[in-house]
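> What follows is a protein structure lacking sequence information:
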């Protein structure tokens with residue numbers, strides 16, 4: 001665990017890190033990790049052969065001329081269903097309010 005003083009910016013943090021062996025070791029590990037990651041930047045890792053069919057199954061059927069058409073239809077269906085539920089709820093609330101007012105004595 002790195003102490004709070006190790007994370008201080010500016011002169012106080014630099015002075016602390018210059019004297020703290022734990023901070024120096026943490027900075028050395030961070031530099032080593034960054035160097036290792038930079039060396040891996042140009043490496044290309046091939047995708048497993050079963051990945052493409054799995055992705056296509058997950059996406060579902062699509063139109064070759066407009067690949068997003070099926071996704072758009074699904075979104076429209078979801079929004080239409082949500083809108084229908086909203087309208088039905090509003091109608092039920094309005095009906096309840098009207099019935100309640102009609103029962104109240106004037």
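Sure, I can see it. Quick caveat: nothing in here was measured; it's all calculated off a predicted structure.
> At which residues are the helices of the protein located?
In the chain, the helices defined using DSSP state H lie at 10-19, 21-39, 51-59, 69-103.
> What's the mean pLDDT across the first one?
Within the predicted structure, the mean pLDDT of helix 10-19 is 84.
> re earlier: tell me which of the helices of the chain approaches residue 45 most closely.
Across these, residue 45 has its closest neighbour in helix 51-59 (11.4 Å, C-beta to C-beta). No exception for glycine: its C-beta is placed from N, CA and C like everyone else's.
> That closest one versus helix 69-103: what angle between them?
30 degrees (axes from the mean of the first three to the mean of the last three C-alpha atoms, to 10 degrees).
> about what we covered before: and the helices of the chain as JSON lines, adding distance to residue 45 and mean neighbour count?
Shown next, in JSON lines, are the helices of the chain (distance: least, C-beta to C-beta, whole Å; neighbours: other C-beta atoms under 10 Å):
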{"stretch": "helix 10-19", "distance to residue 45": "35", "mean neighbour count": "11"}
{"stretch": "helix 21-39", "distance to residue 45": "14", "mean neighbour count": "11"}
{"stretch": "helix 51-59", "distance to residue 45": "11", "mean neighbour count": "10"}
{"stretch": "helix 69-103", "distance to residue 45": "28", "mean neighbour count": "10"}
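> So residue 16 is in contact with residue 7, correct?
No: Residue 16 is beyond contact range of residue 7, at 9.4 Å (criterion: C-beta atoms under 8 Å).
> The chain - how does it break down into domains?
4-39, 60-103 (automatic domain parsing).
> In JSON lines: the ones you listed, plus distance to residue 53.
Supplementary listing: those in JSON lines, determined by distance: least, C-beta to C-beta, whole Å:
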{"stretch": "domain 4-39", "distance to residue 53": "31"}
{"stretch": "domain 60-103", "distance to residue 53": "13"}
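> Ok, which of these comes nearest residue 46?
Between residue 46 and the domains of the chain, the tightest spacing by C-beta to C-beta is seen for domain 4-39, at 18.7 Å.
> roughly how far out does that closest one sit from the chain middle?
Distance of domain 4-39 from the chain centroid (C-alpha atoms, centre = their mean, to the nearest Å) equals 30 Å.
> Nothing else from me, thank you.
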